[in-house]
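[1] Structural data only, the sequence is not supplied:
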Ligand SMILES: NC(=O)C1=CN([C@@H]2O[C@H](COP(=O)(O)OP(=O)(O)OC[C@H]3O[C@@H](n4cnc5c(N)ncnc54)[C@H](OP(=O)(O)O)[C@@H]3O)[C@@H](O)[C@H]2O)C=CC1
Ligand SMILES: O=C(O)C1=N[C@H](C(=O)O)C[C@H](O)C1
């Protein structure tokens, strides 16, 4: 029987593409809702639910997934640490794939960022992350930018909170501190998603970048994750697990 996939956020940019990708993958659209829909009924009707909505919904949706024992694919960005902790708690009961980006190439970028963080000491190399997205995006820095920062910090044996963020510099900021990771978020037009990580020292600079040309890449990845997650035990996964890069 075809996998029954539900969509939270079906009226959105991602939700509309997800419905197309579910059909293209031979799965069944169990249902889809916007902000006023009946989320408990959607979980009850679905084998797995994909959520691309708003950070404010993450805790409720994770709770509904755990209560109904329905695996969850979570793409929403902008979650606070407390909201992420609630998602992790739900993942003790059900498998959850929570990915800052469902574009497969971003998983490689994260792996490279961690290695670069380990190889390039903060005393010599300042790490800066620049992202650009469409003018409708409501959160900054993007989830992928935060993921890159976390990967660099992990490479340096710390958490992002420990190394610190310098986000949105403006005015008399003083000289750049040694250690914190810098973030700059650009917004305009219909840019799908662009991320660059720069390590800059006194006499050289290394940059790695990822650019999405079509947001369908995220929808295809999320539907792939929905099929993959059905065979997994409870736990918190991300896209590197889905594509076998963990
Ligand atoms: N991880 C990844 O690979 C990717 C993640 N994203 C993330 O996915 C999320 C959605 O992006 P996008 O589709 O562009 O956004 P849109 O604004 O186009 O769509 C948002 C959807 O969520 C619903 N929604 C908004 N607020 C709420 C709420 N408070 N409660 C319930 N539903 C709500 C909207 O319903 P309504 O129409 O009724 O308002 C709509 O269906 C964002 O967080 C974005 O950053 C996006 C692309 C890739
Ligand atoms: O809102 C978007 O569009 C995107 N959001 C994700 C993020 O915050 O990183 C993924 C991708 O960059 C597109």
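    Now that the structure is in, tell me what you want to look at. Predicted model only: the values in this text are computed from it and were never measured. Numbers count the residues shown, from 1 in each chain. Ligands and ions are numbered 1, 2, ... in the order given.
[2] From now on I want contacts and neighbour counts done on CA atoms only, so please keep to that.
    Will do.
[3] Who are the contact partners of residue 107?
    With contact set as C-alpha atoms under 8 Å, 6 or more residues apart in numbering, residue 107 has these partners: 101, 239-240, 245.
[4] and the residues you listed, which are buried?
    Neighbour-count burial (16 or more other C-alpha atoms under 10 Å) applied to the contacts of residue 107 gives 101, 239-240.
[5] With respect to residue 143, which of those is nearest?
    Minimum distance to residue 143 across those is 7.5 Å, recorded for residue 101 (C-alpha to C-alpha).
[6] contacting residues for that closest one?
    Going by C-alpha under 8 Å, 6+ apart, residue 101 touches 75, 107, 143-144, 218, 239.
[7] Now tabulate the contacts of residue 107 in TSV and tack on pLDDT.
    Below are the contacts of residue 107 laid out as TSV (pLDDT from 0 to 100):
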residue	pLDDT
101	98
239	98
240	98
245	94
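[8] Keep only those of the contacts of residue 101 that are in strands.
    Using DSSP state E to define strands, no part of the contacts of residue 101 is located there.
[9] Among those residues, which ones lie close to ligand 2?
    143-144 (C-alpha under 6 Å from any ligand atom).
[10] interface residues of the protein facing ligand 1?
    Residues of the chain lying close to ligand 1 (C-alpha under 6 Å from any ligand atom) are 9-15, 34-36, 52-54, 56-57, 75-77, 99-102, 218.
[11] which element follows the longest helix anywhere in the chain toward the C-terminus?
    If you go by DSSP state H, the chain has its longest helix at helix 104-119. Following helix 104-119 in sequence order, the next helix or strand is strand 126-133 (DSSP states H and E).
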